[in-house]
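A.B. asks: Based on what follows, work out the 3D shape:
(one chain, ligands or ions: 2)
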Amino acid sequence: MKAVVLVGGVGTRLRPITETIPKPLVWLMDRPSLDHVLDHLSSHGVHEVVLSSSYLESTFHAFIEARHGDPRITWITETEPLGTGGAIVSALDRLGDEPFLALNGDILTDLDLTAMIALHRERHAAATIALHHVEDARPFGLVPTDAEGRVLEFREKPTERVPGDVNAGTYVLEPAVLRSWPSGTNLSIEREIFPALIAAGHPVHGFLSDAYWLDLGTPRQYLQAHFDLLDGRVGGASYPAPFVADGARVHLRAHLGRWVVVGRGAEVGPDAEIDDSVLHPNAVVEAGARIVGSILGPRARVGAGATVRDCALAEAASVEPGATLQGERVSAGRRVGGSSKDPARPM
Ligand code: GDD
Ligand code: MG
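C.D. replies: Ligands and ions are numbered 1, 2, ... in the order given. Modelled structure (predicted):
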(Lines give C-alpha, C1' and ligand atoms only; values in the text may rest on other atoms or scores of the structure.)
(Ligands and ions follow the chains in the order given, each with its own letter.)
Protein backbone atom coordinates (compact mmCIF):
# COMPACT_ATOMS: atom_id res chain seq x y z
CA MET A 1 0.00 0.00 0.00
CA LYS A 2 1.09 3.58 -0.72
CA ALA A 3 0.43 6.71 1.32
CA VAL A 4 0.21 10.48 0.97
CA VAL A 5 1.33 12.35 4.07
CA LEU A 6 0.04 15.93 4.25
CA VAL A 7 2.94 18.13 5.37
CA GLY A 8 2.16 21.46 3.70
CA GLY A 9 0.54 23.40 6.54
CA VAL A 10 2.23 26.58 7.79
CA GLY A 11 1.88 25.59 11.46
CA THR A 12 0.40 28.92 12.59
CA ARG A 13 -0.63 27.70 16.04
CA LEU A 14 2.81 26.29 16.77
CA ARG A 15 4.60 29.58 16.09
CA PRO A 16 7.24 30.70 16.69
CA ILE A 17 8.69 27.17 16.59
CA THR A 18 7.38 26.79 13.02
CA GLU A 19 8.82 30.10 11.78
CA THR A 20 11.90 28.30 10.51
CA ILE A 21 10.86 24.64 10.72
CA PRO A 22 7.67 23.18 9.19
CA LYS A 23 5.52 21.44 11.80
CA PRO A 24 6.23 17.86 10.60
CA LEU A 25 9.98 18.51 10.95
CA VAL A 26 9.82 19.88 14.49
CA TRP A 27 11.58 17.39 16.72
CA LEU A 28 9.57 14.96 18.79
CA MET A 29 11.80 13.20 21.34
CA ASP A 30 14.79 11.86 19.38
CA ARG A 31 13.82 12.71 15.78
CA PRO A 32 11.58 14.95 13.66
CA SER A 33 7.90 14.11 14.18
CA LEU A 34 7.57 13.09 10.52
CA ASP A 35 10.03 10.26 11.22
CA HIS A 36 7.56 8.86 13.76
CA VAL A 37 4.77 9.02 11.15
CA LEU A 38 6.89 7.34 8.46
CA ASP A 39 8.10 4.61 10.85
CA HIS A 40 4.50 3.93 11.85
CA LEU A 41 3.53 3.59 8.18
CA SER A 42 6.45 1.30 7.49
CA SER A 43 5.48 -0.96 10.43
CA HIS A 44 2.09 -1.45 8.72
CA GLY A 45 3.56 -2.40 5.35
CA VAL A 46 3.54 1.00 3.64
CA HIS A 47 6.72 1.24 1.57
CA GLU A 48 6.01 4.21 -0.72
CA VAL A 49 5.03 7.67 0.44
CA VAL A 50 4.27 10.90 -1.39
CA LEU A 51 4.98 14.19 0.40
CA SER A 52 4.20 17.65 -0.92
CA SER A 53 4.42 21.21 0.33
CA SER A 54 5.24 24.73 -0.66
CA TYR A 55 6.15 25.94 2.85
CA LEU A 56 9.90 25.95 3.72
CA GLU A 57 10.35 23.39 1.00
CA SER A 58 14.14 23.16 1.18
CA THR A 59 14.00 21.93 4.78
CA PHE A 60 12.19 18.81 3.54
CA HIS A 61 14.91 18.05 1.02
CA ALA A 62 17.50 17.90 3.80
CA PHE A 63 15.15 15.66 5.82
CA ILE A 64 14.59 13.27 2.90
CA GLU A 65 18.32 13.04 2.21
CA ALA A 66 19.06 12.31 5.86
CA ARG A 67 16.38 9.66 6.08
CA HIS A 68 17.37 6.46 4.33
CA GLY A 69 15.46 3.27 3.71
CA ASP A 70 11.82 2.55 4.26
CA PRO A 71 9.41 3.93 3.11
CA ARG A 72 10.63 5.32 -0.20
CA ILE A 73 9.70 9.01 -0.51
CA THR A 74 8.49 10.87 -3.60
CA TRP A 75 8.51 14.64 -3.26
CA ILE A 76 6.11 17.02 -5.06
CA THR A 77 6.57 20.78 -4.87
CA GLU A 78 3.32 22.71 -4.55
CA THR A 79 3.87 26.02 -6.33
CA GLU A 80 1.14 27.38 -4.09
CA PRO A 81 -0.60 25.61 -1.21
CA LEU A 82 -3.07 23.06 -2.61
CA GLY A 83 -4.96 22.45 0.63
CA THR A 84 -5.55 19.01 2.11
CA GLY A 85 -7.71 17.80 -0.80
CA GLY A 86 -5.67 19.39 -3.57
CA ALA A 87 -2.46 17.79 -2.28
CA ILE A 88 -4.11 14.34 -2.37
CA VAL A 89 -5.81 14.75 -5.76
CA SER A 90 -2.62 16.13 -7.29
CA ALA A 91 -0.68 13.06 -6.10
CA LEU A 92 -3.10 10.57 -7.71
CA ASP A 93 -0.93 9.88 -10.76
CA ARG A 94 1.81 8.59 -8.42
CA LEU A 95 -0.54 6.33 -6.48
CA GLY A 96 -1.88 3.79 -9.01
CA ASP A 97 -5.37 2.24 -8.95
CA GLU A 98 -5.29 0.50 -5.59
CA PRO A 99 -6.68 2.07 -2.41
CA PHE A 100 -4.10 4.22 -0.59
CA LEU A 101 -3.68 5.88 2.78
CA ALA A 102 -3.72 9.66 3.31
CA LEU A 103 -2.61 11.13 6.62
CA ASN A 104 -2.38 14.48 8.28
CA GLY A 105 1.32 14.85 9.01
CA ASP A 106 0.91 16.44 12.45
CA ILE A 107 -0.66 13.55 14.35
CA LEU A 108 0.99 11.24 16.88
CA THR A 109 -0.91 7.97 16.96
CA ASP A 110 -0.48 4.23 17.33
CA LEU A 111 -3.61 3.57 15.27
CA ASP A 112 -3.90 0.03 13.87
CA LEU A 113 -3.63 0.90 10.18
CA THR A 114 -3.72 -2.77 9.17
CA ALA A 115 -7.14 -3.23 10.83
CA MET A 116 -8.38 0.00 9.26
CA ILE A 117 -7.37 -1.13 5.76
CA ALA A 118 -9.05 -4.51 6.37
CA LEU A 119 -12.31 -2.78 7.36
CA HIS A 120 -12.14 -0.56 4.27
CA ARG A 121 -11.87 -3.63 2.03
CA GLU A 122 -14.52 -5.62 3.88
CA ARG A 123 -17.04 -2.78 3.53
CA HIS A 124 -16.10 -2.01 -0.10
CA ALA A 125 -15.88 1.61 1.00
CA ALA A 126 -15.02 4.53 -1.27
CA ALA A 127 -13.37 6.18 1.73
CA THR A 128 -12.73 5.15 5.32
CA ILE A 129 -12.04 7.83 7.92
CA ALA A 130 -10.33 7.07 11.25
CA LEU A 131 -12.39 8.53 14.11
CA HIS A 132 -11.50 9.53 17.64
CA HIS A 133 -13.97 10.47 20.36
CA VAL A 134 -13.57 13.92 21.96
CA GLU A 135 -15.62 16.01 24.37
CA ASP A 136 -15.24 19.21 22.34
CA ALA A 137 -15.33 18.81 18.57
CA ARG A 138 -14.72 22.48 17.72
CA PRO A 139 -11.02 22.19 16.70
CA PHE A 140 -11.78 19.15 14.49
CA GLY A 141 -14.05 17.71 11.81
CA LEU A 142 -17.18 16.25 13.38
CA VAL A 143 -18.11 12.95 11.70
CA PRO A 144 -21.40 11.40 12.82
CA THR A 145 -22.03 7.79 11.71
CA ASP A 146 -25.00 5.40 11.73
CA ALA A 147 -25.16 2.11 13.68
CA GLU A 148 -23.18 0.32 10.93
CA GLY A 149 -20.44 2.96 10.96
CA ARG A 150 -21.46 4.65 7.72
CA VAL A 151 -20.63 8.35 7.75
CA LEU A 152 -23.75 10.56 7.69
CA GLU A 153 -22.11 13.96 7.54
CA PHE A 154 -18.70 15.69 7.65
CA ARG A 155 -18.81 18.98 9.52
CA GLU A 156 -15.40 20.69 9.69
CA LYS A 157 -14.79 22.89 12.78
CA PRO A 158 -18.33 22.96 14.22
CA THR A 159 -19.06 26.27 15.93
CA GLU A 160 -20.78 24.84 19.00
CA ARG A 161 -19.06 22.87 21.76
CA VAL A 162 -20.34 19.33 21.20
CA PRO A 163 -18.90 15.93 22.12
CA GLY A 164 -18.59 13.38 19.32
CA ASP A 165 -16.44 11.30 17.00
CA VAL A 166 -14.06 13.47 15.03
CA ASN A 167 -11.84 13.02 12.01
CA ALA A 168 -8.53 11.62 13.25
CA GLY A 169 -6.77 12.68 10.04
CA THR A 170 -6.10 9.20 8.62
CA TYR A 171 -8.00 7.98 5.56
CA VAL A 172 -8.09 4.98 3.24
CA LEU A 173 -9.20 6.26 -0.16
CA GLU A 174 -10.19 4.72 -3.50
CA PRO A 175 -8.48 6.66 -6.29
CA ALA A 176 -11.44 6.09 -8.66
CA VAL A 177 -13.80 8.34 -6.66
CA LEU A 178 -11.25 11.18 -6.59
CA ARG A 179 -10.38 11.33 -10.28
CA SER A 180 -13.15 13.77 -11.20
CA TRP A 181 -11.53 16.50 -9.05
CA PRO A 182 -9.07 18.75 -10.92
CA SER A 183 -5.36 18.27 -10.24
CA GLY A 184 -3.28 21.32 -9.26
CA THR A 185 -6.21 23.18 -7.66
CA ASN A 186 -6.66 24.19 -4.03
CA LEU A 187 -9.22 21.87 -2.43
CA SER A 188 -10.15 20.93 1.10
CA ILE A 189 -10.82 17.25 1.68
CA GLU A 190 -12.75 18.16 4.82
CA ARG A 191 -14.92 20.97 3.44
CA GLU A 192 -15.30 19.91 -0.21
CA ILE A 193 -14.38 16.33 -1.07
CA PHE A 194 -15.87 14.37 1.86
CA PRO A 195 -19.17 16.33 1.88
CA ALA A 196 -19.47 15.80 -1.90
CA LEU A 197 -18.75 12.05 -1.67
CA ILE A 198 -21.34 11.66 1.08
CA ALA A 199 -23.94 13.72 -0.83
CA ALA A 200 -23.35 11.62 -3.96
CA GLY A 201 -24.12 8.44 -1.98
CA HIS A 202 -20.61 6.92 -2.06
CA PRO A 203 -19.98 4.52 0.82
CA VAL A 204 -17.88 6.50 3.31
CA HIS A 205 -17.15 4.62 6.54
CA GLY A 206 -15.83 5.54 9.95
CA PHE A 207 -13.15 3.53 11.77
CA LEU A 208 -13.57 4.37 15.44
CA SER A 209 -10.77 3.30 17.77
CA ASP A 210 -9.42 4.08 21.20
CA ALA A 211 -5.82 4.21 19.92
CA TYR A 212 -3.51 6.89 21.32
CA TRP A 213 -4.15 10.02 19.26
CA LEU A 214 -2.96 13.60 19.51
CA ASP A 215 -2.78 16.50 17.06
CA LEU A 216 0.58 18.24 17.63
CA GLY A 217 -0.72 21.61 16.44
CA THR A 218 -0.26 23.81 19.54
CA PRO A 219 2.63 24.25 22.02
CA ARG A 220 0.53 22.70 24.78
CA GLN A 221 -0.38 19.63 22.71
CA TYR A 222 3.15 19.35 21.44
CA LEU A 223 4.49 19.26 25.02
CA GLN A 224 1.73 16.80 25.96
CA ALA A 225 2.89 14.43 23.19
CA HIS A 226 6.32 14.30 24.86
CA PHE A 227 4.84 13.69 28.30
CA ASP A 228 2.69 10.85 26.90
CA LEU A 229 5.69 9.30 25.12
CA LEU A 230 7.73 9.54 28.34
CA ASP A 231 4.83 7.94 30.21
CA GLY A 232 4.74 4.98 27.81
CA ARG A 233 1.23 5.78 26.59
CA VAL A 234 2.04 5.53 22.89
CA GLY A 235 2.23 1.99 21.53
CA GLY A 236 5.49 0.97 19.86
CA ALA A 237 7.58 3.67 21.60
CA SER A 238 9.59 3.44 24.79
CA TYR A 239 11.77 6.13 26.34
CA PRO A 240 13.33 6.62 29.76
CA ALA A 241 11.98 9.62 31.69
CA PRO A 242 13.61 12.11 31.68
CA PHE A 243 15.00 11.49 28.21
CA VAL A 244 18.50 12.74 27.45
CA ALA A 245 19.48 12.21 23.81
CA ASP A 246 22.89 10.95 22.73
CA GLY A 247 25.38 13.78 22.62
CA ALA A 248 23.50 16.00 25.09
CA ARG A 249 25.49 17.33 28.05
CA VAL A 250 23.73 17.64 31.38
CA HIS A 251 25.87 18.87 34.30
CA LEU A 252 25.96 16.54 37.31
CA ARG A 253 24.58 19.34 39.49
CA ALA A 254 21.65 20.11 37.17
CA HIS A 255 18.17 18.97 38.15
CA LEU A 256 15.92 17.39 35.51
CA GLY A 257 12.33 16.49 36.40
CA ARG A 258 10.71 13.36 35.02
CA TRP A 259 8.84 15.12 32.18
CA VAL A 260 11.87 16.54 30.43
CA VAL A 261 13.51 15.92 27.06
CA VAL A 262 17.04 17.12 26.38
CA GLY A 263 17.73 16.92 22.65
CA ARG A 264 20.86 15.91 20.82
CA GLY A 265 23.80 18.23 21.45
CA ALA A 266 21.82 20.32 23.99
CA GLU A 267 23.59 21.55 27.13
CA VAL A 268 22.34 22.05 30.68
CA GLY A 269 24.64 23.87 33.09
CA PRO A 270 25.27 23.40 36.83
CA ASP A 271 22.37 24.10 39.23
CA ALA A 272 19.95 24.62 36.33
CA GLU A 273 16.48 23.22 37.07
CA ILE A 274 14.16 21.94 34.33
CA ASP A 275 10.62 20.60 34.62
CA ASP A 276 7.89 19.73 32.09
CA SER A 277 9.94 21.04 29.18
CA VAL A 278 11.54 20.09 25.90
CA LEU A 279 14.98 21.21 24.70
CA HIS A 280 15.56 20.79 20.99
CA PRO A 281 18.95 19.87 19.52
CA ASN A 282 21.78 22.21 20.58
CA ALA A 283 19.63 24.32 22.93
CA VAL A 284 21.60 25.69 25.90
CA VAL A 285 20.45 26.29 29.47
CA GLU A 286 23.15 28.10 31.42
CA ALA A 287 24.05 27.72 35.10
CA GLY A 288 21.27 28.23 37.64
CA ALA A 289 18.53 28.92 35.06
CA ARG A 290 15.02 27.64 35.76
CA ILE A 291 12.86 26.26 32.90
CA VAL A 292 9.27 25.15 33.42
CA GLY A 293 6.55 24.14 30.93
CA SER A 294 8.53 25.45 27.96
CA ILE A 295 9.85 24.55 24.53
CA LEU A 296 13.38 25.65 23.64
CA GLY A 297 13.90 25.46 19.88
CA PRO A 298 17.14 24.35 18.21
CA ARG A 299 20.12 26.49 19.39
CA ALA A 300 17.88 28.54 21.71
CA ARG A 301 19.78 29.80 24.76
CA VAL A 302 18.67 30.72 28.26
CA GLY A 303 21.24 32.78 30.15
CA ALA A 304 22.56 32.07 33.64
CA GLY A 305 20.03 32.50 36.43
CA ALA A 306 17.13 33.34 34.09
CA THR A 307 13.62 31.97 34.67
CA VAL A 308 11.53 30.82 31.71
CA ARG A 309 8.02 29.60 32.44
CA ASP A 310 5.33 28.49 29.93
CA CYS A 311 7.29 29.90 26.99
CA ALA A 312 8.16 28.84 23.46
CA LEU A 313 11.56 29.96 22.15
CA ALA A 314 12.07 29.59 18.40
CA GLU A 315 15.30 28.52 16.73
CA ALA A 316 18.32 30.46 18.08
CA ALA A 317 16.15 32.73 20.27
CA SER A 318 17.80 33.75 23.52
CA VAL A 319 16.96 35.01 26.98
CA GLU A 320 19.41 37.27 28.77
CA PRO A 321 21.04 36.12 32.02
CA GLY A 322 18.87 36.84 35.07
CA ALA A 323 15.73 37.69 33.05
CA THR A 324 12.26 36.38 33.94
CA LEU A 325 9.93 35.35 31.15
CA GLN A 326 6.43 33.99 31.61
CA GLY A 327 3.93 32.86 28.94
CA GLU A 328 5.86 34.40 26.03
CA ARG A 329 6.70 33.33 22.51
CA VAL A 330 10.11 34.47 21.31
CA SER A 331 10.77 34.64 17.56
CA ALA A 332 13.69 32.98 15.81
CA GLY A 333 17.03 34.67 16.51
CA ARG A 334 15.53 37.25 18.91
CA ARG A 335 17.17 38.19 22.16
CA VAL A 336 14.88 39.13 25.07
CA GLY A 337 15.14 40.14 28.71
CA GLY A 338 17.71 42.40 30.33
CA SER A 339 18.05 45.75 28.60
CA SER A 340 16.71 44.42 25.29
CA LYS A 341 14.09 46.57 23.54
CA ASP A 342 12.90 43.56 21.59
CA PRO A 343 9.76 42.40 23.37
CA ALA A 344 8.47 38.84 23.23
CA ARG A 345 4.84 38.14 22.34
CA PRO A 346 2.38 36.61 24.80
CA MET A 347 1.67 32.84 24.40
N1 GDD B 1 0.43 19.38 1.20
C2 GDD B 1 -0.33 20.22 1.88
N3 GDD B 1 -0.75 21.38 1.30
N4 GDD B 1 -0.64 19.92 3.16
C5 GDD B 1 -1.41 20.78 3.86
C6 GDD B 1 -1.88 22.00 3.31
C7 GDD B 1 -1.53 22.30 1.95
O8 GDD B 1 -1.89 23.34 1.38
N9 GDD B 1 -2.62 22.63 4.26
C10 GDD B 1 -2.59 21.84 5.36
N11 GDD B 1 -1.84 20.74 5.13
C12 GDD B 1 -1.54 19.64 6.08
C13 GDD B 1 -0.99 20.11 7.40
O14 GDD B 1 0.44 20.15 7.34
C15 GDD B 1 -1.48 19.04 8.35
O16 GDD B 1 -0.59 17.93 8.41
C17 GDD B 1 -2.78 18.57 7.72
O18 GDD B 1 -2.75 19.01 6.35
C19 GDD B 1 -4.02 19.14 8.42
O20 GDD B 1 -3.92 20.54 8.48
P21 GDD B 1 -4.07 21.33 9.86
O22 GDD B 1 -3.93 22.77 9.56
O23 GDD B 1 -3.22 20.73 10.91
O24 GDD B 1 -5.61 21.06 10.15
P25 GDD B 1 -6.37 20.98 11.54
O26 GDD B 1 -5.54 20.34 12.58
O27 GDD B 1 -6.95 22.31 11.85
O28 GDD B 1 -7.63 20.02 11.17
C29 GDD B 1 -7.39 18.79 10.51
O30 GDD B 1 -6.97 17.80 11.42
C31 GDD B 1 -7.92 17.44 12.44
C32 GDD B 1 -7.31 16.34 13.27
O33 GDD B 1 -6.20 16.83 13.94
C34 GDD B 1 -8.71 18.37 9.82
O35 GDD B 1 -8.40 17.27 9.01
C36 GDD B 1 -9.78 18.00 10.85
O37 GDD B 1 -10.94 17.49 10.19
C38 GDD B 1 -9.24 16.94 11.81
O39 GDD B 1 -10.22 16.64 12.82
MG1 MG C 1 -3.57 19.69 12.74
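
A.B. asks: from here on, contacts and neighbour counts on C-alpha atoms
C.D. replies: Will do.

A.B. asks: in the stretch 151-300 of the chain, what residue is nearest ligand 1?
C.D. replies: Asn167 (4.0 Å; CA to the nearest ligand atom).

A.B. asks: where's that residue, which helix or strand?
C.D. replies: strand 164-173 (DSSP states H and E).

A.B. asks: Packing partners of that strand?
C.D. replies: Contact analysis of strand 164-173 by 3 or more CA pairs under 8 Å, 6 or more residues apart in numbering; DSSP states H and E lists strand 100-104, helix 113-122, strand 127-134, strand 141-142 as its packing neighbours.

A.B. asks: How many residues are close by Asp112?
C.D. replies: 14 (other CA atoms under 10 Å).

A.B. asks: just how off-centre is stretch 176-183 within its chain?
C.D. replies: 27 Å (CA atoms, centre = their mean, to the nearest Å).

A.B. asks: List the contacts of it.
C.D. replies: If you take CA atoms under 8 Å, 6 or more residues apart in numbering as the criterion, stretch 176-183 is touched by Gly86, Val89, Ser90, Leu92, Asp97, Ala126, Leu197.

A.B. asks: can you give me the end-to-end distance of it?
C.D. replies: Terminal residues of stretch 176-183 are spaced 14 Å apart (CA to CA, to the nearest Å).

A.B. asks: cool, stretch 176-184 as well?
C.D. replies: End-to-end distance (CA to CA), stretch 176-184: 17 Å.

A.B. asks: Ok, stretch 99-109 next?
C.D. replies: 21 Å.

A.B. asks: check contacts around the residue nearest the centre of the chain.
C.D. replies: Nearest to the mean C-alpha position of the chain, by CA atoms, centre = their mean, lies Asp106 at 2.4 Å. By CA under 8 Å, 6+ apart, the residues touching Asp106 are Val7, Lys23, Pro24, Ser33, Leu34, Asp215, Leu216, Gly217.

A.B. asks: just to revisit the earlier point, pick the most deeply packed of the helices and strands packed on strand 164-173.
C.D. replies: Mean neighbour count (mean count of other CA atoms under 10 Å) peaks for strand 141-142 among the helices and strands packed on strand 164-173, with a mean of 24.
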